[in-house]
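[1] following is a predicted model, sequence given first.
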Amino acid sequence: MTIYLDNAATTAVDPRVLKAMQPYFSKHFGNASSLHGFGQRARAALEDAREKVAALIDSKPEEIIFTSGGTESNNLAIKGLAWAHPNKKHIIISAIEHHAVMEPCEWLRKHGYDITVLPVDSYGLVDPKAVERAIRPDTLMVSIMHANNEIGTIEPIERIGAICRAKDVFFHTDAVQSFGKIPIDVDAMHIDLLSASSHKIHGPKGVGCLYVRKGISLVPLAHGGGHERGLRSGTENVAGIVGFGEAAAIAKKEMAADAKRLTALRDRLIKETLKIQDSWLNGHPRQRLPGNANFGFRYIEGEALVLQLDMHGIAVSTGSACSSKSLEPSHVLLALGLRHEEAHGSLRVSLGKFNTRADIDALLKVLPQTVERLREISPFKRKYK
Amino acid sequence: MTIYLDNAATTAVDPRVLKAMQPYFSKHFGNASSLHGFGQRARAALEDAREKVAALIDSKPEEIIFTSGGTESNNLAIKGLAWAHPNKKHIIISAIEHHAVMEPCEWLRKHGYDITVLPVDSYGLVDPKAVERAIRPDTLMVSIMHANNEIGTIEPIERIGAICRAKDVFFHTDAVQSFGKIPIDVDAMHIDLLSASSHKIHGPKGVGCLYVRKGISLVPLAHGGGHERGLRSGTENVAGIVGFGEAAAIAKKEMAADAKRLTALRDRLIKETLKIQDSWLNGHPRQRLPGNANFGFRYIEGEALVLQLDMHGIAVSTGSACSSKSLEPSHVLLALGLRHEEAHGSLRVSLGKFNTRADIDALLKVLPQTVERLREISPFKRKYK
Amino acid sequence: MTHIYTKKVLAHFKHPHNMGRIAKPDGVGRVGNPKCGDVMWLYLKIGKNKQGKEIIKDVKFETFGCVAAIATSSMITDLVKGKTIEYALGVTKEKIVKGLGGLPPIKIHCSLLATDALHEAIYNYLKKQGLRVPAQLAKTHERIVKETKVAERIGEHLGEHLH
Amino acid sequence: MTHIYTKKVLAHFKHPHNMGRIAKPDGVGRVGNPKCGDVMWLYLKIGKNKQGKEIIKDVKFETFGCVAAIATSSMITDLVKGKTIEYALGVTKEKIVKGLGGLPPIKIHCSLLATDALHEAIYNYLKKQGLRVPAQLAKTHERIVKETKVAERIGEHLGEHLH
Ligand SMILES: Cc1ncc(COP(=O)(O)O)c(C=O)c1O
Ligand SMILES: Cc1ncc(COP(=O)(O)O)c(C=O)c1O
């Protein structure tokens, strides 16, 4: 059996979620815009899911816009807000945002926008005071992620949100990694727009949402039949949305207990892994997602480590240059101040609700020898011996 | 039991499709970008589905970009092409395009684009010569749908495609209704971009694709991790795409036989329905989708007809003003030259592969009395008696 | 199950109350909705109650329109049957919507069609009897006449004349 | 199953051939990939064949890099072991890629690292022996020296010096 420890990349659909989805494929398969029974049943299911998703972040259901995932939500938040408010052309983000925030901003930059990229400290924390200083009269929005997907660091978004509210600037947060994992309250945190994705919380892929605070206007990415209050046209993915709703409902119930259990597992994993020579932890030691651990190993390369572990039946990931579609190593690790070659040997272990202590033990059993083996191949091995 | 005759709105997922999807929710649930076995298995499934979808339109697999559905595909084709070729600012469409083509064009119009909307004849046919006349030196693209979603009329797109190719103008076709129903060959038809949607061919909702002829550059709607050759970022909806692929493979095998059978059912339905006094057929008598029939009934209103039939356990639809989110009746019916009040009483019956002769008979049994009953309520009834 | 229409709307639509025409009506209201092309005709039979006040003894309707148009037509007849004219003039579209347990926002205009038809029928009765037309009702009548041009055009196309 | 890597790449990665170092090498090539920071060291033991031609009697490598870097390292040692120097200089990156059954496009550069390391090792051997360096090889050496500055920086940070 293979052990899956890559829950930050995606998660297995919870059997309870799949069960909730099943009737909506071939039985209650109507188009939610249709007037007849099939359509009205689909519409009811959509609205039920909307309530469940809203409940997880303490928003009103009508403030939830269903999308195809986190990437679309981020694009809609950023471009949609930019198009709707063309008089303000300055956006503030952090250096460790996900590509799905970075790239839309880069694109806007080409179209005359000024993008301020705030640095982070060595733990990956954004300084709220730096946000405050960066806000200008022409600032449209601040987009700072809630928790980082690679290093798990949780940003002080309630403070950042308060600053944005005081300065009358829109605040968007990419909560794809935190949604359903740690508590979110859009009012208490002064969030105007929030992105979430179903497949990170044991829901199906291809569904996500954007929370849009009442009264905020956006220009849609997808124009058409006027679905989702005109902000996201296209026949709604009913089964997918039902699954997302169910996953959100389960998360609401089980989040606290899961977080507690996973934090303990994570801390054990960190403690044991750091016994390996020339290893370190990336990200904040405590202010991090319950399921996230990210290690650096000197003298070895991340992709090779991932594949070695895969050969041992353990699925993990890396922010290594060589694993991705570009040749650059993780911009997140570089932003922490790691050197190119330090960023090279990173290993992300991300736990999900289906992981057990046995999974951690299995990883801990093979990790030291795997690191060792790769160091054997490396020309730099003599240094550490 | 309820009889579903609204397959142009959406279709039931074929049990064979659902079966193909099942393993990709909780078992082979990996992120297709991941290096480990879970990820690589997901990637293999994606590429397999891409081949199946490509085979249905005789394209190369790498020319297929998976999206969240027909609406997104249309938006990506139109806006994506416009952004990538900003020097040409004229677009030609027909008066009967779907909202998912109309609305992106309307939006571009607000941003300085000139949109020519070509009229159609009383059957809903676009005149290829009119397309030719409308092309100008600054014409970026022509977007004419393959088959209309309301009246089923099939446009002469191979001739339109040939004209566009000769005039060196991009040709996009919204094939959401025709894909998998009638043959498509992107080369023979000179198609540069083609939109399709899974849920119209007994695949799951929330998946679609855009065919993009090799060498054509587009600017993505969703920027991010660079998925789908950088044209559509976001974690791929693996289960959904697998389902779409399976639906496409089934369509390829069964299209010819289904079309023949449905055409016969449709023609019987048309013949019998037109025996009702003051009724007529909207759209072309022969050059129409196998499963589509669209009727007009004088003196009554479409939404009321749909709900009455729903109470009889029959699911159909209307292009009536009152059924939609706007108060305007169907722009398609108006474009045929129907008057406001004639467009009011339309009924669309759209057959799918799971419909039988018994379904048609059931409709034919209740339709005359339902029409009669609504005419009873109408103040105009005395005229026709 | 959440339906775009409430159970009450669907019940009225399925079995409309007071549907049809009155042979020799004391008042007729014929209105068309300029927004969506719906048409409603409303017939009144007027009588007196024990206090000698004019009441709506009978009321019937004919409607060409959507589910909401038919349901609001049925609803208004329920609300005014047996009631005094004074009371009937006080029935608002809000009251109809409430009676139906709500309407989708885009359908609210249908309930205006129903009150308009009723007001027109009462106006028609008062005029025919040579009775005093309240100022408010006269104003409503003027607005409707203007708007009804659209409905008239529809009536012509359908082969009937509204007035 | 379609993997980003071919079966052959994965096999070489799993069990690299000729991994390690040679105690007293006749030639050493030390190169770094400026694009992604991979580093490869290649050791040669030179001998003579029956015809008296110089051959690569033994070859070993050490690599700091991704799966493709390790697999191409292993592959090139297979391709040149026992072969003449002349032959070895003719081994192209295309040949390595082909030998591995293909590489993902973005990983093609890894195969250049392998040929570079081999060329450097041969250059190092020829220089040490005072033998004639072919013009093409001299040019390759110059390019590598320039590029290797990056790798050197990496080596320093990792606590080793490349040269
Ligand atoms: C922080 C963050 N933002 C955005 C995304 C994109 O979400 P999706 O994969 O649903 O498009 C991800 C995951 O990939 C993420 O981790
Ligand atoms: C012709 C046509 N184009 C586009 C669409 C939109 O497709 P989707 O519902 O997948 O967004 C539809 C169906 O709704 C359609 O019939």
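    That came through fine. Ligands and ions are numbered 1, 2, ... in the order given.

[2] measure residue A:152 to residue A:182 for me?
    As judged by Cβ to Cβ, to the nearest Å, residue A:152 and residue A:182 stand 11 Å apart. Backbone N, C-alpha and C define where each C-beta goes, glycine included.

[3] what's the overlap in contacts for the two?
    residue A:289 (Cβ atoms under 8 Å, 6 or more residues apart in numbering or on different chains).

[4] settle it for me: which of these two has more neighbours?
    Using other Cβ atoms under 10 Å in any protein chain shown as the criterion, residue A:152 and residue A:182 rank with residue A:152 on top: 26 against 16.

[5] OK, contacts around that one?
    Shown in contact with residue A:152 (Cβ under 8 Å, 6+ apart): A:8, A:177, A:283-284, A:288-289, A:291-294, A:350.

[6] so what's it closest to, chain neighbours aside?
    Here the nearest residue to residue A:152 in space, its sequence neighbours aside, is residue A:292; by Cβ to Cβ, 6 or more residues apart in numbering or on different chains that works out to 2.8 Å.

[7] so what sits opposite that neighbour in the bridge?
    Under DSSP bridges, the beta-bridge partners of residue A:292 are residue A:350.

[8] tell me how far it lies from chain D.
    Distance, residue A:292 to chain D, by Cβ to the nearest Cβ, to the nearest Å: 23 Å.

[9] how many neighbours does that residue have?
    27.

[10] do the one 4 residues further on as well
    By the criterion of other Cβ under 10 Å, residue A:296 has 21 neighbours.

[11] please, which helix or strand holds it?
    Using DSSP states H and E, residue A:296 maps to strand A:292-297.

[12] near ligand 1 at all, that strand?
    No. For strand A:292-297, no contact with ligand 1 is found by Cβ under 6 Å from any ligand atom; the gap never falls below 10.8 Å.

[13] repeat for stretch A:136-153
    Yes. Stretch A:136-153 lies within reach of ligand 1 by Cβ under 6 Å from any ligand atom, at A:145, A:149.

[14] endpoints of that stretch, how far apart?
    For stretch A:136-153, the first and last residues are 27 Å from each other (Cα to Cα, to the nearest Å).

[15] report the buried residues of that stretch.
    Going by neighbour count (16 or more other Cβ atoms under 10 Å in any protein chain shown), the buried part of stretch A:136-153 is A:139-153.

[16] please enumerate the strands of chain A.
    Secondary structure of chain A (DSSP state E): strands at A:3-4, A:64-67, A:90-94, A:114-118, A:139-143, A:170-174, A:193-197, A:208-212, A:279-281, A:292-297, A:314-315, A:346-350.

[17] is the residue lying closest to residue A:114 once chain neighbours are set aside in a bridge, and if so with what?
    Excluding the flanking residues, the one nearest residue A:114 by Cβ to Cβ, 6+ apart is residue A:90, at 4.7 Å. In this entry, residue A:90 is beta-bridged to residue A:114, residue A:139, by DSSP bridges.

[18] what is the neighbour count of residue A:90?
    Neighbour number of residue A:90 under other Cβ under 10 Å is 18.

[19] quick one: it and residue A:160, what's the gap?
    Distance, residue A:90 to residue A:160, by Cβ to Cβ: 16 Å.
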